[in-house]
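Student: Fold the following and give me the result.
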Amino acid sequence: MKNKSIPSIKTDYKNRFNRKLWLAERKRDLRLYFDSRNMIHGKFENEPFWSVVPRTSLWHIPSLGTPGFDGWYGIAGDHPTDVVPLNYFEGDIRKILDHFVKKWLHAAEKLKQGEDYGDFRIENIKERPIIGQLIEDRATRLERFVAAEELWTEQTLVWVPPAPVPDDEIESD
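Tutor: Model (predicted):
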């Protein structure tokens, strides 16, 4: 019997259903991130405000009831799921992504040396160097998006937050 090679089946993310499914999974990743840290947040939007499906997605997650704190930018995709307070970046998507790249590269160095890096919660000390290499790889991939000039036009650089929603209109996810 001949060994026939099975053709690779690639998911078509231009298909609306596949794209929507991938984004729903990323939203779920962010919810799990918040839940695992007991962080209270407002309603997630249906769509990220920036994404390169199926690689990465950047979301705005509003806070609930903390005066002067508007919420977070959350990132999820083929890399660590992470958040950063949105007050730091004034909506500049490229700067937000660059923040995650630098943070993850720093974390990767610590982990590759077997050290702890609190945001990544790696219980098995022996796995830290391997996970550090993986995080470094994902940070380097995201760094390529930051450096790719063709992705950045006037329209993609800045996110403008929507007007605040009155408390009586806030829904739970």
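
Student: For the chain, just list every one of the strands.
Tutor: 50-52, 56-62, 71-77, 79-85 (DSSP state E).

Student: partner strands of the third one, parallel or antiparallel?
Tutor: Listed by DSSP bridges, the sheet partners of strand 71-77 and their directions read strand 56-62 (antiparallel), strand 79-85 (antiparallel).

Student: winner for burial among those strands?
Tutor: For these, ranked by mean neighbour count under the definition mean count of other CB atoms under 10 Å, the leader is strand 56-62 at a mean of 21. In this view, the C-beta of every residue, glycine as well, is placed from N, C-alpha and C.

Student: Which stretch among the strands paired with strand 71-77 approaches Arg94 most closely?
Tutor: strand 56-62 (10.5 Å; CB to CB).

Student: which residues touch stretch 125-144?
Tutor: In this structure, residues lying in contact with stretch 125-144 by CB atoms under 8 Å, 6 or more residues apart in numbering are 55-56, 78-80, 97-98, 100-101, 104-105, 107-116, 120, 122.

Student: ok, back up a step: redo the strands of the chain as a markdown table? Include distance to Arg26.
Tutor: Formatted as a markdown table, the entries for the strands of the chain read as follows, by distance: least, CB to CB, whole Å:
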| stretch | distance to Arg26 |
| --- | --- |
| strand 50-52 | 8 |
| strand 56-62 | 5 |
| strand 71-77 | 4 |
| strand 79-85 | 8 |
